[in-house]
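*Asks:* Below are the sequence and a predicted model; questions follow.
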Amino acid sequence: MPELPEVETIVRELRETAIGKKFWGLEGRVKSTFIPSFEVVKDQLLGLRILNVTRRGKFIVFELDRHMRLVIHLRMSGRLLWKKLYRKESHVRAVFVFSDATALYFCDARKFGRIWLADKDEIDALSGMDRLGVEPLADLNEDLFMKMLQGRKGILKNTLLRQDMIAGIGNIYADESCFRSGLHPQSRLEALRKEDKERLYEAIVHCLKEGIEHCGVSMTDFIGTRGELGKHQDYLKIYGRKDDPCYNCGTTIKKMVVAGRGTFVCPQCQKLRK
């Protein structure tokens, strides 16, 4: 699933190409993709102009005129691609056609992605964005992070993946943050020391910013709207490196399951707090 850096990469590209465009047509290949329904989305969307494109967690938000919002979540395998109209593309679920004859294709092999359209005062509740936690690169600071963890119990990685706490972190950047902070992802929150939390906060911010700098990770499904691959997979320190030597100490990296997700750990560098 694209995480915050990958979605931010898409949003930045869309700001360069989509702002000012007016929706002229909409084709829906999988009707369940649209909420409240394809018919309602098409009826209300056509004729609206894109004023801005923003991000909330892993959600892509098109700010439209007439106080409307179009929101897209790519889920596991979704992609947004600028294509010539009617050019063949795999797994097309929706095609947004604009008045200048350009088209934005929503492709989704697993069909989990969703598209919402509603008034700006209703879109958060409809899409679930009202349940998201803080934005780690906009609203989070070290003091707030400490308060969020104060008195909380549980497994470290499970907490990092909770979108109602910190929005946008997924499996890749949780593993990278744990490695950079020197903490085992199975560590107990209640056992973390103050210095552990300080390192963890720094690691989260650093890893997300670094992911954005390199335009995201392209290891499976992610590509940008221009069809270009991200480059951050070449800079990952721990994720996806099972049986490889740790860059810090040379110990063989292990793969295990934490929070129901494949998790990569250096047994030497990452300390288990319990």
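*Replies:* Perfect, thanks for sending it.

*Asks:* neighbours of the nearest residue in space to residue 72 that is not next to it in sequence, just the number please.
*Replies:* Sequence neighbours aside, residue 60 is the residue nearest to residue 72 in space, at 4.5 Å (criterion: CB to CB, 6 or more residues apart in numbering). For glycine as for every other residue, the C-beta is placed from the backbone atoms N, C-alpha and C. Residues near residue 60, counting by other CB atoms under 10 Å, number 22.

*Asks:* can you pull out the helices in the stretch 101-250 of the chain?
*Replies:* Listed in chain order, the helices found in the stretch 101-250 of the chain under DSSP state H, counting those that start in this stretch are 123-127, 142-149, 156-160, 171-181, 194-213.

*Asks:* Tell me which residues of the helix or strand following the longest one come out buried.
*Replies:* The element immediately downstream of helix 194-213 (helix or strand, assigned by DSSP states H and E) is strand 254-258. By 16 or more other CB atoms under 10 Å, the buried positions in strand 254-258 come out as residue 258.

*Asks:* wait, doesn't residue 178 sit right on residue 269?
*Replies:* No: Residue 178 is not in contact with residue 269 according to CB atoms under 8 Å; the separation is 10.1 Å.

*Asks:* Neighbour count for these two, which is higher?
*Replies:* When residue 178 and residue 269 are compared for neighbours, residue 178 comes out ahead with 29 against 19, by other CB under 10 Å.

*Asks:* Tally up the residues packed near the residue lying closest to that one once chain neighbours are set aside, please.
*Replies:* Sequence neighbours aside, residue 185 is the residue nearest to residue 178 in space, at 4.6 Å (criterion: CB to CB, 6+ apart). A count of neighbours around residue 185, defined by other CB under 10 Å, yields 26.

*Asks:* Can you tell me how far residue 185 is from residue 264?
*Replies:* 9 Å (CB to CB, to the nearest Å).

*Asks:* give me the low-pLDDT residue ranges for the stretch 1-150 of the chain?
*Replies:* 86-87 (pLDDT under 70).

*Asks:* What segments of it are strands?
*Replies:* In the stretch 1-150 of the chain, the segments counted as strands under DSSP state E, counting those that start in this stretch are 23-28, 34-35, 50-56, 59-64, 68-73, 78-84, 92-98, 102-108, 114-119.

*Asks:* Tabulate these (TSV), appending distance to residue 150.
*Replies:* Formatted as TSV, the strands of the stretch 1-150 of the chain follow (distance: least, CB to CB, whole Å):
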stretch	distance to residue 150
strand 23-28	46
strand 34-35	37
strand 50-56	25
strand 59-64	28
strand 68-73	31
strand 78-84	36
strand 92-98	43
strand 102-108	39
strand 114-119	34
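
*Asks:* Quick check: closest non-adjacent residue to residue 136.
*Replies:* In space, residue 136 is closest to residue 166, 5.2 Å off (CB to CB, 6+ apart).
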